[in-house]
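Undergrad: Got a sequence here, can you model it:
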Amino acid sequence: MDPARIPIRATTQESLPVEDVKDNIVILKDGSCALVLSVSSVNFDLLSEREQDAIIYAYGAMLNSLTFPIQILVRSQQKDISSYLELLEKQEKMKVNSSLIQKMIASYRKFVSEMVRKNNVLDKKFYVVIPFSALELGVASTLTSVFKKRTNLPFSKEYILTKAKTALFPKRDHLIKLFARLGLVARQMETKELIRLYYKIYNTEEEVNKQINQEVKRNGNP
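TA: Residues are numbered from 1 along each chain as shown. Modelled structure (predicted):
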C-alpha cells in the first residue's frame, strides 16, 4: 500500500505544521511554503586529494554566492534490501535444474542479509529545502503567525501557491545549475514523493508498517 494514499488522522494533522502538499510545494499552516530538492551524492572518499579540494572550494563558493536562505537535510535510514532479497529468492526457485546454482544463490542471499543486519548498513539521502516565508506574502498581519499558532491559512491556497511559485522557481533553477557545476543532480520532488517523505519523518518505521498493513486489511487488498 502506498503511504501517500493513507489518510492522515485528525490528531496527526493538529500536531503537524504542514497544511497541505500541492503542486509539488509544501504549504505550512502559517502560510509559508517550502520547495524541496532531492540531491544526488558523490563518494568523497574515493576522490583524489586534488578532486576533494576542488569540490570543497566549489561548494564553499556556491554557499557564499547564495542571496537567499536554504536548509540542508541529510536522512540516514537502515538500508532496505527486502526487494533485492525477494529477487534473489525468485531466481533461486527458477534454477530448479541446477542444484549448484541454487546453492550459490542461497549462500549469497544469506551473506547479503547477514552483512546488512550485522553492519547496520545505512542509506543516506540528501535534500535541500528552499523556504518561502509568510512575510513574503506582503501583508503585515502575517507577523502574528510567527508568535501564535494559526488555525486557518491567511490567504487561499491558490493565492499562496501563486506567490510561492513566483519566488521559489527562480531560486530552484539557480540551485539546480549550481549543483550541476559540482557534478551533482538536483531535482524538485513531486507531491507524492513529498507526502511519503513527510510521512516517514513524522512516523517511526514500525508505525508506518502498521498503518500500511491496517489499510491493506481495511481495503481487502492482498
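Undergrad: drop to CA atoms for contacts and neighbour counts, all remaining ones
TA: Noted.
Undergrad: What is the neighbour count of residue 181?
TA: Neighbour count of residue 181, defined by other Cα atoms under 10 Å: 14.
Undergrad: What are the buried residues along stretch 18-32?
TA: Buried positions in stretch 18-32, judged by neighbour count with 16 or more other Cα atoms under 10 Å: 18-22, 24-32.
Undergrad: Can I get these in a markdown table including secondary structure?
TA: Written out in a markdown table, the entries for these read as follows (DSSP: H, G, I helix; E, B strand; the rest coil):
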| residue | secondary structure |
| --- | --- |
| 18 | strand |
| 19 | strand |
| 20 | strand |
| 21 | strand |
| 22 | strand |
| 24 | coil |
| 25 | strand |
| 26 | strand |
| 27 | strand |
| 28 | strand |
| 29 | coil |
| 30 | coil |
| 31 | coil |
| 32 | coil |
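Undergrad: Would you point out the most distant pair within the residues you listed?
TA: By the measure Cα to Cα, 24 and 30 form the most distant pair in the buried residues of stretch 18-32, at 18.0 Å.
Undergrad: contacting residues for residue 128?
TA: 36-39, 70-73 (Cα atoms under 8 Å, 6 or more residues apart in numbering).
Undergrad: Got a PyMOL select line for the buried ones in the residues you listed?
TA: Under the burial definition 16+ other Cα under 10 Å, those of the contacts of residue 128 that qualify are selected in PyMOL by:
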select buried, resi 36+37+38+39+70
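Undergrad: Show me the contacts of residue 128 that map onto helices.
TA: Within these, membership in helices is found for no residue, as judged by DSSP state H.
Undergrad: how about CSV for the contacts of residue 128, with pLDDT added?
TA: CSV is the format used below for the contacts of residue 128 (pLDDT from 0 to 100):
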residue, pLDDT
36, 97
37, 97
38, 96
39, 94
70, 95
71, 94
72, 93
73, 92
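Undergrad: Number of residues surrounding residue 199?
TA: Residue 199, neighbours per other Cα under 10 Å, totals 17.
Undergrad: For it, what is the enclosing helix or strand?
TA: helix 191-202 (DSSP states H and E).
Undergrad: Give me the buried positions along that helix.
TA: Within helix 191-202, the residues that qualify as buried are 191-192, 194-195, 199, counting by 16+ other Cα under 10 Å.
Undergrad: If you compare the directions of that helix and strand 18-22, what angle comes out?
TA: Between the direction of helix 191-202 and that of strand 18-22, the angle (axes from the mean of the first three to the mean of the last three Cα atoms, to 10 degrees) works out to 150 degrees.
Undergrad: And helix 191-202, how far out from the chain middle?
TA: Averaging C-alpha positions (Cα atoms, centre = their mean, to the nearest Å) puts helix 191-202 7 Å from its chain's average.
Undergrad: about what we covered before: just name the closest of the buried residues of helix 191-202 to residue 95, please.
TA: Distances from residue 95 to the buried residues of helix 191-202, taken as Cα to Cα, are shortest for residue 192 (37.9 Å).
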